[in-house]
Each structure stands twice: as C-alpha cells, then as structure tokens.
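Enquirer: Sequence and predicted model, in that order:
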Amino acid sequence: EALDVLDETLSLDGWDGAEHRAIIAPRLPFLRHVAPEWVESREPRLLGDDAPEGLGQTTIELALKWGRPDRWLLERHRPAVLRAVRSGSKHALDYALVAMLWEIPGYSIDGTWRALADMGALVLSDAGERLARLLMNDPAQHHLDRGALFWKQTLQHPSLSDEAFRGYGWWAEVDALDQERWEQMTLLTCQHADGSLDWCVKVAERCAHEPITPTGLGILTRLLR
C-alpha cells in the first residue's frame, strides 16, 4: 500500500510533484534497501526522462541538496549531477568532487576536471575551495593525493584566467599536505593568479611557519605586490 501511494506521487506535476519528491529524494538509499525492485522499475519515472515536466532532474538536485553522498546516484546519473553543478544547485559541486575522491566510475580526475573547466573559471576556482574544505579534516592519504592531482591539473593550464586559480588559496587549511609540496604549488598558483588568492591571510600565516623558505617568501612577495 505504501508503494502504491509513492506511485501516485510520481504522477504529480508542478509544485505539488516537486514537494512530494523533496520528501522522497533524500530517502532513496532507504528505499533501495527496503524496496530495490520498486526503485529499479521506477527509476526512469523517478529520476529520468519519464518524470513529468523535468521533475527527474529536480529530484536528483533535491537528493544532492538534502541527502548524503550516494554512490549509486552519483554513478548512474552523472550527466544530471553535472547539470546540477552547472546550474549552481546546492552541494552538487561538493558531491561531484566527493565522487572523484571516492574513484566512482565516470569521475576520473581528468574527466572531472575537464567537465568543470567547461563550466568556466569561477567553477574551477570554487572546486579548489570546495576540495580544500572537504580535505581539511580527511585523514585518508589517497583522498589527499587525488585532490592534489586535481589542483596540479589546474596548474598545467596557465592560459586559464586569473579567476580560475583564486579558490586554491583555501588549501592553506589542508595541514595534511606537506609544507614543501604546498609551498611549491601555491607559488605557481600565485603566479597564475597574479598574486590574488582567496583566504590570503591564512596563506601568509602558513608561509610564516618555521623554517621560513625562499619559496614561502616568494609567495608573500606575490601576495604583497
């Protein structure tokens, strides 16, 4: 009987349909646990093109906004996740980056970087900040390494506008990244960003850690100039 009620909600359109889907979307992992066959058979109507009035995309964006990162959703609906990133839907960029850190199929470092780069310099900058925030309290070395490789990918494209590099100033908060590696990448980032980094006060504070190095002084010089 409960599944019959859910079937009725999937036929609703407009604002009523969106409100009902806002309740269902963050509970998809639970539904897959208790009713996997129902989710599998209703997936096109729930999340895909069979949903009325484009509510499939809306449901995915609601799941990203209100739910936790879900491997099943991220892998099976990558195009919709990237559309959500492009539209600025809440948490969509974070969860796309989580998928990259988790090595979910379809979210390679290079593929994810290129998809985000196609969305513009501001998205790349935001990705730098969001990665830093995700990794600030993440002890997993392989996550840190994948995040740093994404940053390195950005540094390999110096023709990008200054704006694309600014968000990587937030990596000053990622204490797990060793100082020498952080200074080298931050100096290059400063050069590409013309010395204009987000969270530059924290960048300067980290450069002042003993022992102070020529690379750290180079970063400070770029920031001051």
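Expert: Alright, I've got the coordinates. Residues are numbered from 1 along each chain as shown.

Enquirer: tally of neighbours for the closest residue to Asp70 other than its chain neighbours?
Expert: Leaving aside its sequence neighbours, Asp70 sits nearest to Pro29 (Cβ to Cβ, 6 or more residues apart in numbering; 5.7 Å). For the C-beta atoms, the positions are set from N, CA and C on the backbone; glycine is no exception. Neighbourhood size, Pro29 [other Cβ atoms under 10 Å]: 15.

Enquirer: and Pro29, what does it touch?
Expert: By Cβ atoms under 8 Å, 6 or more residues apart in numbering, Pro29 lies in contact with Gly67, Arg68, Asp70, Trp72.

Enquirer: try 10 Å
Expert: Val39, Ala63, Gly67, Arg68, Asp70, Arg71, Trp72, Leu73 (Cβ atoms under 10 Å, 6 or more residues apart in numbering).

Enquirer: Now it: which helix or strand?
Expert: helix 28-34 (DSSP states H and E).

Enquirer: export that helix as CSV, just CAs?
Expert: The C-alpha coordinates for helix 28-34 follow below in CSV (Å, rounded to 0.1, in the frame of the first residue of the first chain):
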residue,chain,number,x,y,z
LEU,A,28,16.5,7.0,-1.9
PRO,A,29,19.1,4.9,-0.1
PHE,A,30,16.5,3.7,2.4
LEU,A,31,14.0,2.9,-0.5
ARG,A,32,16.7,1.0,-2.3
HIS,A,33,17.2,-1.0,0.9
VAL,A,34,13.6,-1.9,1.6
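
Enquirer: that older thread, filter the contacts of Pro29 to the buried ones?
Expert: Of the members of the contacts of Pro29, the ones counted as buried by neighbours, 16 or more other Cβ atoms under 10 Å, are Val39, Ala63, Gly67, Asp70, Leu73.
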